[in-house]
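# For reference, the sequence and a predicted model appear below.
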Amino acid sequence: MRRRTDPRIKPSEITPESVYLRRRELLKGLAFAPALLAGCGDTQDPQPAAAVEPELPGKRLAARPGSAFSTTETLTRATDATRYNNYYEFGTDKADPARNSSRFRPQPWSVTVGGKAAVTGTFDLEDILKGHALEERIYRLRCVEAWSMVIPWIGIPLAAVLKRFEPAADARYVAFTTVARPAEMPGLGYPVLDWPYREGLRIDEAMHPLTLLAVGLYGHELPAQNGAPLRLVVPWKYGYKSIKSIVRIDFTEEQPPTSWNQSAPDEYGFYSNVNPAVSHPRWSQATERRIAGGGFSLTGNRLQTLPFNGYAEQVASLYAGMDLVRNH
């Protein structure tokens, strides 16, 4: 892999905003839509799209819509997804990431790759993404705090990127590290966690087709508060596994340390698969508060939580024979 900067997306390749905002209505009218959207365990019928929201500030991205992995459930409003989230490097209140991230600079960006792989080094973000067509995938996001959203992410399969680094045969895990810039991330001044933030996946989880390396949402580049410019989205796991603002990827033989598991191992297991049968020590995980549709509510629409966040058909085989209570 060589460092180089890809040319910018041509104006002719950018999807018009009006077309993007109407894409769900268009998909519903296609004869092949049921086949495209099958197999995601949806439990509710598609709902009318919410009113058009103000455009997000980042650059618009051209992406292939209608992934076979996408759900047809009602989208969370972009306003809610970008203003109600957890990113403790910017503060622990839900509004802190949007409020405190204006100084964060996601460009230029590079990622260091190390460990048990044939290709290692530090690579420009453009070089990591080159040669991969962006996809839009509408995934459910389930927070360990028992709230959930439905978000249209834009990215590429993580497996496609990892394979280019040629992991060694004994690379059993993939570890990720978030950037830590105290001057730009005021939350780093508080000992909430042992910074920098770290997460990890077993390599078969990382290589699973559902695992997405995201660079955008709602048709635009990721905002700083949502993990710009590069984050994971692992939809069958609790949200804290989907690490933000990645600056390092390591292939390891041993299970890597992860931030929340190190902080409170009884509460946050390494696997962190969504499991309604396993309660958090301080609350039930049997139901969730869905933040979606036209309006935010602290009580929300209460839904039954599905095993593996509704993606059991796709991922349950990864854990065949495992005790999912002990390996929570």
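Done, it's in. Numbering: from 1, shown residues only.
# which secondary element of this structure has the worst mean pLDDT?
When the helices and strands of the chain are scored by mean pLDDT, DSSP states H and E, helix 33-36 comes last with a mean of 29.
# buried sites along stretch 181-198?
Across stretch 181-198, burial judged by 16 or more other CB atoms under 10 Å covers 184-188, 193, 195-198. Bear in mind the C-beta positions are built from the backbone N, C-alpha and C, glycine included.
# can you map out the helices along this structure?
Taking DSSP state H, the helices of the chain run over residues 17-21, 23-29, 33-36, 78-83, 96-100, 125-129, 158-163, 203-206, 259-263, 312-315.
# Just give me the lowest mean pLDDT stretch among those helices.
Lowest mean pLDDT within the helices of the chain: helix 33-36, a mean of 29.
# list the contacts for residue 292?
73-77, 149-150, 301 (CB atoms under 8 Å, 6 or more residues apart in numbering).
# Also residue 180?
Residues near residue 180 by CB under 8 Å, 6+ apart: 89, 188, 195-197.
# Which elements pack onto the longest strand belonging to the chain?
The longest strand of the chain (DSSP state E) is strand 147-157. Counting contacts by 3 or more CB pairs under 8 Å, 6 or more residues apart in numbering; DSSP states H and E, strand 147-157 is packed against helix 78-83, strand 135-142, strand 212-217, strand 287-290.
# how big is the angle separating it from strand 212-217?
Going by axes from the mean of the first three to the mean of the last three CA atoms, to 10 degrees, strand 147-157 is angled at 110 degrees with respect to strand 212-217.
# Quick check: neighbours of strand 147-157 in the sheet, parallel or antiparallel?
Using DSSP bridges, the strands paired with strand 147-157 are strand 135-142 (antiparallel), strand 212-217 (antiparallel), strand 287-290 (parallel).
# so can I have TSV of the ones you listed showing distance to residue 254?
Below are those laid out as TSV (distance: least, CB to CB, whole Å):
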stretch	distance to residue 254
strand 135-142	28
strand 212-217	23
strand 287-290	33
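# Just tell me which of those ends up closest to residue 107.
Evaluated over the strands paired with strand 147-157, closeness to residue 107 peaks at strand 212-217, with 11.8 Å, by CB to CB.
# buried set for that closest one?
For strand 212-217, a neighbour-count test (16+ other CB under 10 Å) marks 212-217 as buried.
# Same check on stretch 235-254?
Residues 235-252 are the ones in stretch 235-254 that count as buried (16+ other CB under 10 Å).
# what are the ranges of the strands in the chain?
For the chain, the strands defined by DSSP E occupy 110-115, 121-124, 135-142, 147-157, 173-178, 198-202, 212-217, 220-221, 231-233, 246-252, 287-290, 301-304.
# If anything else comes up later, I'll come back, but that's it for now.
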